[in-house]
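[1] sequence? don't have it. structure:
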């Protein structure tokens, strides 16, 4: 039995579907089991990562666990990972994947490494779904406002992140690894605007913002200085394409054009 936390999120719901589609017993943990929708055969269990006392039914009989690094609607950092991992070990869990919230290990990743369980870190560098943050301005004005618009980055499709996690949960050779997951192409914001425009059948204009303007916007949204420093680094030092998806899953990662065609409706 594989337990997936964050099971209704962008990666979690895809991971649940991939595991179920491969015939693996999978249990989806959610705080709202009554409203969750998963493929047939998936066991849905209520529980809250912020309260390890609620996790007993989810962990019972499990041998593998996919863990996220936050809890709750406000995505507050998970502060009780040692307790969760202790409960998992007592329940019989042997293998853990952790979806990293940044490219550097944080408290949850360190707790996983100290747990005595077999672990793999899944480190996506930039989700393609981040482009949905441009949807409002594209719908209203046909404009993307962004900084560092000529710095290339390699966004990754959430399905590919899930596929790497599924491979680590079900296969051998991943223990102690940190899988940095990227898409197949290093694209600038101007490249992404062109690709989205092709999917929509109309041009999209790019307006470049200074880093200071970006930071002011993040502060206005309520982000703290640590978050702003991380956002700034990811904007100005975007990662290039790697080979992890192909090496781990045996197939090429999905392109941004693929994602844009799937999600064009959000921008219309």
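    Ah, there it is. Quantities reported herein were computed from a predicted structural model and do not represent experimental measurements. Numbering: from 1, shown residues only.
[2] Break down the stretch 51-200 of the chain into its helices, ranges please.
    56-59, 81-91, 107-113, 135-141, 158-170, 189-200 (DSSP state H, counting those that start in this stretch).
[3] Buried residues, the longest one. List them.
    Think helix 158-170. Residues 158, 159, 160, 161, 162, 163, 164, 165, 166, 167, 168, 169 are the ones in helix 158-170 that count as buried (16 or more other CB atoms under 10 Å). Just so you know, the C-beta spots here come from the backbone N, C-alpha and C atoms, and that holds for glycine as well.
[4] I'd like the residues you listed laid out as TSV, including distance to residue 242 and pLDDT.
    As requested, the buried residues of helix 158-170 are exported to TSV (distance: CB to CB, whole Å; pLDDT from 0 to 100):
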residue	distance to residue 242	pLDDT
158	17	97
159	17	97
160	11	98
161	13	97
162	17	98
163	14	98
164	11	98
165	16	98
166	18	98
167	15	98
168	16	98
169	20	98
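[5] Any stretches of the stretch 101-250 of the chain with poor pLDDT?
    238-239, 241 (pLDDT under 70).
[6] Recalculate using a threshold of 90.
    101-106, 125-126, 147-148, 151, 153, 211, 213-214, 217-218, 221-243 (pLDDT under 90).
[7] Show me the strands in it, by range?
    Counting by DSSP state E, counting those that start in this stretch, the stretch 101-250 of the chain has strands at residues 118-124, 143-147, 178-181, 205-209.
[8] Mean neighbour count and distance to residue 99 added to those strands, as TSV?
    Formatted as TSV, those follow (neighbours: other CB atoms under 10 Å; distance: least, CB to CB, whole Å):
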stretch	mean neighbour count	distance to residue 99
strand 118-124	23	5
strand 143-147	19	25
strand 178-181	21	10
strand 205-209	14	29
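[9] Not counting sequence-adjacent ones, nearest residue to residue 103?
    Distance criterion CB to CB, 6 or more residues apart in numbering; nearest residue to residue 103, sequence neighbours excluded, is residue 123 at 5.9 Å.
[10] Contact partners for the one you found?
    Neighbouring residues of residue 123 by CB atoms under 8 Å, 6 or more residues apart in numbering: 100, 103, 178, 179, 180, 181.
[11] Recalculate using a threshold of 6 Å.
    By CB atoms under 6 Å, 6 or more residues apart in numbering, the contact list for residue 123 reads 100, 103, 178, 180.
[12] Throw the helices of the stretch 51-200 of the chain into a markdown table and include distance to residue 37, thanks.
    Listed next are those as a markdown table, based on distance: least, CB to CB, whole Å:
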| stretch | distance to residue 37 |
| --- | --- |
| helix 56-59 | 18 |
| helix 81-91 | 25 |
| helix 107-113 | 27 |
| helix 135-141 | 23 |
| helix 158-170 | 17 |
| helix 189-200 | 27 |
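[13] Out of those helices, which is the most enclosed?
    With neighbours taken as mean count of other CB atoms under 10 Å, those reach their highest mean count in helix 158-170, at a mean of 24.
[14] Give me the contacts around that helix.
    2, 10-11, 14-15, 18-19, 64, 66, 97, 120, 122, 124, 129, 174, 179, 181, 245, 248-249, 253-254.
[15] And the buried ones among those, selectable in ChimeraX?
    Buried residues within these, by 16+ other CB under 10 Å, are selected in ChimeraX with:
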select :2,10,11,14,15,18,19,64,66,97,120,122,124,129,174,179,181,245,248,253,254
